[in-house]
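J.: Please work out how this folds:
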Amino acid sequence: MLWTIIAIVVAGLGAAGIALLLRKLTGNKLPKWIIPVFGGLGMLGYQISYEYSWFEHQLQRQPPESVVVASEAGHVFWRPWSYFVPMITAFTVLDSKSVVKQELEGGTVAEFMLYRFEKQHIDHVAHQAHLLNCDTAELLPLDAQKQPQLDQLKRIARDDPLYRQVCR
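T.: Reported below is the predicted structural model:
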């Protein structure tokens, strides 16, 4: 976060410097207020660019065996540009190396880890083990002691990317 703030300030100073140079090149014919306007626009432009590149940056940091199985795009009222072009604020990654399939009572059950990344003021990452019954498409999260949380059982569609990756 510190590096982001430093980058925003540098972008603002750079844009203000361009405005100052333009003002000097025109013999001070441009108004003085153009310098802070350019500085503000430079800072805002960098912030918008940073927010929209967050998802790609996070994907580049993932190991090759990671597979994105879900993403959430949304908008926030203090980011009015996100109403025109929604930005990805969260995504879920399957660790394909962690998938362990077992045949139980004539059906296939897979155990795996899912990681959820959320864009907040400080990025948040949560991980949880899951069980997926490939025959009934039922997804069941496991707690820290690998005990099933039956109250959170849900069915997923067979064309869901998670189902296709785990049960193919």
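J.: The helix or strand of the chain with the lowest mean pLDDT pairs with which strands?
T.: Sorted by mean pLDDT, DSSP states H and E, the helices and strands of the chain end with strand 100-104, the least confident at a mean of 89. Strand 100-104 sits in its sheet next to strand 107-118 (antiparallel), going by DSSP bridges.
J.: what's near enough to touch the residue sitting furthest away from the middle of the chain?
T.: Most distant residue from the mean C-alpha position of the chain: G27, 46.3 Å away (Cα atoms, centre = their mean). Contacts for G27 (Cβ atoms under 8 Å, 6 or more residues apart in numbering) come out as none. All C-beta atoms are positioned from the backbone trio N, CA, C, and that covers glycine.
J.: swap in E138?
T.: 132, 153-156.
J.: Can you tell me which of these is nearest F84?
T.: I156 (31.3 Å; Cβ to Cβ).
J.: From E118, how far out is that closest one?
T.: 20 Å (Cβ to Cβ, to the nearest Å).
J.: can you give me the strands for this structure?
T.: 66-74, 87-95, 100-104, 107-118, 124-133, 138-141, 154-155 (DSSP state E).
J.: mean pLDDT for those: which is lowest?
T.: Of all these, the minimum mean pLDDT falls on strand 100-104 (a mean of 89).
J.: Now do it against strand 124-133, angle only.
T.: 30 degrees (axes from the mean of the first three to the mean of the last three Cα atoms, to 10 degrees).
J.: pull the longest helix from the chain.
T.: helix 2-25 (DSSP state H).
J.: send the alpha carbons of that helix over as CSV?
T.: C-alpha atoms of helix 2-25 as CSV (Å, rounded to 0.1, in the frame of the first residue of the first chain):
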residue,chain,number,x,y,z
LEU,A,2,2.9,2.4,0.7
TRP,A,3,4.3,1.8,-2.8
THR,A,4,0.9,2.5,-4.3
ILE,A,5,0.7,5.9,-2.4
ILE,A,6,4.2,6.8,-3.5
ALA,A,7,3.3,5.8,-7.2
ILE,A,8,0.2,8.0,-7.0
VAL,A,9,2.1,11.0,-5.7
VAL,A,10,4.8,10.5,-8.4
ALA,A,11,2.1,10.3,-11.1
GLY,A,12,0.6,13.5,-9.9
LEU,A,13,3.9,15.3,-9.7
GLY,A,14,4.8,14.1,-13.2
ALA,A,15,1.5,15.2,-14.7
ALA,A,16,1.8,18.6,-12.9
GLY,A,17,5.4,18.9,-14.3
ILE,A,18,4.0,18.3,-17.8
ALA,A,19,1.5,21.1,-17.3
LEU,A,20,4.2,23.4,-15.9
LEU,A,21,6.3,22.6,-19.0
LEU,A,22,3.4,23.3,-21.3
ARG,A,23,2.7,26.6,-19.5
LYS,A,24,6.4,27.7,-19.9
LEU,A,25,6.5,26.6,-23.6
